[in-house]
Structure formats: C-alpha cells, structure tokens
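S.K.: A structural model of the following input is requested.
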Amino acid sequence: MIQKISIKLLTAIIFCSTLISCSGQEGQAKINKDVGTSNNMLIVRPETQEPIIFPNFTNQIAETVRVMFHDSRGGFWFGTHDGAYKLVGDTLMHIDEIKSASGTGVAIRAIKESTNGKIWFGHSGGISYIDDGKIINLYESDGLISHDVWSLETDFKGNTWVGTIDGVSVFDGKKFTTFELPKGEVDTTVGVSSTTFIHNIMADRKGRIWFSTNGGVYIKENNKLTEISKKDGLKSNFVSKVIETQKGEFMISTSKGLYLYNGDSLVDISSKLFKETKGTSNIVEAANGDIWFNCSRSIFRLSNNELTEHKILEGNYGPLAYQIYKDRNERIWFVGWGGAFRFENGKILNITRDGPW
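M.R.: Residues are numbered from 1 along each chain as shown. Sure thing, here's the model as predicted:
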C-alpha cells in the first residue's frame, strides 16, 4: 500500500538575475551576498572563468570504470566493463571468478559491503559475493528476479537488496524474495530502460530503504511504502539517486533537476542554479558539507558560497562520470568513461594503474 505524502513547495525563493546553463559556459559561480536564502540553500549569481581541460592520458585502470568501493579493511575495488579489480599493494588484480551463468565475463555496476564484511557485486550476469576469499555467484536459477543488475544495498539486518531492470530482489543469505514496487515509465531518451528499472537503492540512518526508479522515489519503512513523484513536485519521475546528508535531509537526483527533501518540503535546487532544466545523475556530500554532482559532461561542486563547474570539453579524455564517490579517507573520486580521477588540493588528478593511491 502506498501512502501519499503532502509536500509544500517553497515559494519564498529569490531568483538570480543571471543564471548558468549546464551546456553553457563553465567556471565558478559566486554568491551575491544580498540574495536570499531558503531552507539553508544559497541562491547563486555566476561569474565564469576559463574551462578546465584534461589532456589525453594512458595506462588507465580501464577505459570505463563504472563503480568503485573502499571497504572497511581499507581495500579499493573497481568495477569495469571487464569485471572487478582489487588493489593489492600497488597492483590491480582482476577477480577472475566473477562470471555469468554461461561462464562469460560481466560488467560490474555496483559494489557494496555487508555488515559481516562480505563484498557484494551487482553485474550484467547476476550478483556475486566474496566469503572467506571464495567467490559465490548467484543467478536467476537461484531465484534472482533478473540477471541484469544495476544497483545494490545491504541493510542493518543483513539483507542484500538487488535492483535490476525487472524490479527488486531481496537476499536474506539463504533465498531470494521479490519486493514489489509500482511500475513507472520507459525513459526513451536513454539506451536501456524499463518500467521496473531500479537505478539506486539506499538504506538511511533510520533503516528505511529508498528506491530510485522510473516512477519516482519509493521509501520502505517497516510495512509502509511512501512515494515521492511528479504529483509531489518533482519535474521528472526518472530518479537516478538519493543520498542522505549530514543534516539528515535528502538530495534527490533526477533527469530534470536536483531536489532537497527534508520530510516536509521539496526544493528544486537546480532550477535556481541553471537557466535550462538539465538532468543530474550522480551526487555525493563531502565531509565538509560540499555537494558534488554532475550534469551532462560537467562536474559541479556547491561549496558554501560558490558553485564551481569542472567541464570536460568534447574530444578531451576525462571523467565522464558514472559515479562520484567519497572514500573512507574523505577523498572525492570520479569514475566513468575515461578512467578514474580524484579531487585533491583544488585539482582533479588522473589515477592510473600506477596511482597515485
């Protein structure tokens, strides 16, 4: 049963007189100190600077790094279209045993760690996990709803939530059960889509499970299911990710903007920053409260009074990011087409097979 929520859109937001487009010029947007604030969100007035251009690089971790993970023991894992790699010492080691049911290689799309220390992989052939150094592969024949896995989450009870192109499976350590969600829409603007696509799953600090779907956001709390969708103020039901901030609020990334949700109100952040409605797909909060997100080929950082854009120009080899990630050392990474990159000392560094780690 879906419980509808009542969301009040904030109307006391003062618009900027000059806005920045995702596909427009790049640079740094600085706050006009006289403009208003709403719900602790700053409204910016941009000023542009020269673009950041990345040169061509060689010796990448992979041509495409879809996902990375820093585990509780300090180990780094990278998921690529050619399977999973683990950093052992200063060497990247391929995990050969992660395979599809037919014995072929897989594309790794999600990596998580459960409370008991197992490392889980969601991929194009099902899911796999490492238990005492042994790889266990699980497929549709084991009860998984679909082998086409795009997202994973592990909860405090030891369950593994698996998001696929055909919906959600839950693995309790012994068997799979299907968790039913309402169907959404097919996104015709992307190459892979379905009415039951699960883009991301997130367990918050209260133990609630958040599903980012093609029908909006669904929140499971005990036996109650809450929906956040276009009827509540989102401009799009195509939701790519939700994160929980240090303040206990939630940021929702969609194909038509970035939103801040605090349980009672929903604020369209991106419409205050950009002239045109543009989609965002990745988002993470740094330890200092900075919000990193991407839009088209650009990576943005919202930091106190400044919005900084790092734009990758067409033809340049750089982080067209599938994931923006914060490691356990509080460093911000960008992985995607072009390899892996990390933000340090105000610069974005290319991390190759030789590091720097």
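S.K.: Please list all residues in contact with Phe238.
M.R.: Counting by C-beta atoms under 8 Å, 6 or more residues apart in numbering, Phe238 makes contact with 184-185, 187, 214, 254-256, 279. Placement of C-beta: from N, CA and C, glycine included.
S.K.: pLDDT wise, what is Ala340 at?
M.R.: Confidence at Ala340, expressed as pLDDT, is 92.
S.K.: What sits closest to it if chain neighbours are left out?
M.R.: Ile351 (4.4 Å; C-beta to C-beta, 6 or more residues apart in numbering).
S.K.: Now do that neighbour against Asn59, distance only.
M.R.: Ile351 is 10 Å from Asn59, where distance means C-beta to C-beta, to the nearest Å.
S.K.: The two: who's more crowded?
M.R.: Neighbour tally, Ile351 and Asn59, criterion other C-beta atoms under 10 Å: the higher count belongs to Ile351, 25 against 9.
S.K.: now the more buried one, what's its secondary structure?
M.R.: strand (DSSP: H, G, I helix; E, B strand; the rest coil).
S.K.: Could you double-check that it sits in contact with Ile61?
M.R.: Yes. Contact criterion C-beta atoms under 8 Å: Ile351 and Ile61 qualify, at 7.1 Å.
S.K.: Now for those two: what residues contact both?
M.R.: Shared contacts of Ile351 and Ile61, defined by C-beta under 8 Å, 6+ apart, are found at 339-340.
S.K.: in stretch 173-191, what counts as buried?
M.R.: 176, 179, 181, 184-185, 187 (16 or more other C-beta atoms under 10 Å).
S.K.: next one: stretch 142-161
M.R.: Buried positions in stretch 142-161, judged by neighbour count with 16+ other C-beta under 10 Å: 144-155, 159-161.
S.K.: Need the distance between the two termini of stretch 241-261.
M.R.: One end of stretch 241-261 to the other measures 13 Å (C-alpha to C-alpha, to the nearest Å).
S.K.: next one: stretch 122-132
M.R.: First-to-last residue span, stretch 122-132, C-alpha to C-alpha: 19 Å.
S.K.: Give me the contacts around that stretch.
M.R.: Contact partners of stretch 122-132, identified using C-beta under 8 Å, 6+ apart, comprise 79, 95, 97-102, 104, 106-112, 114, 118-121, 135-140, 142, 144, 147-152, 160, 162-163, 171.
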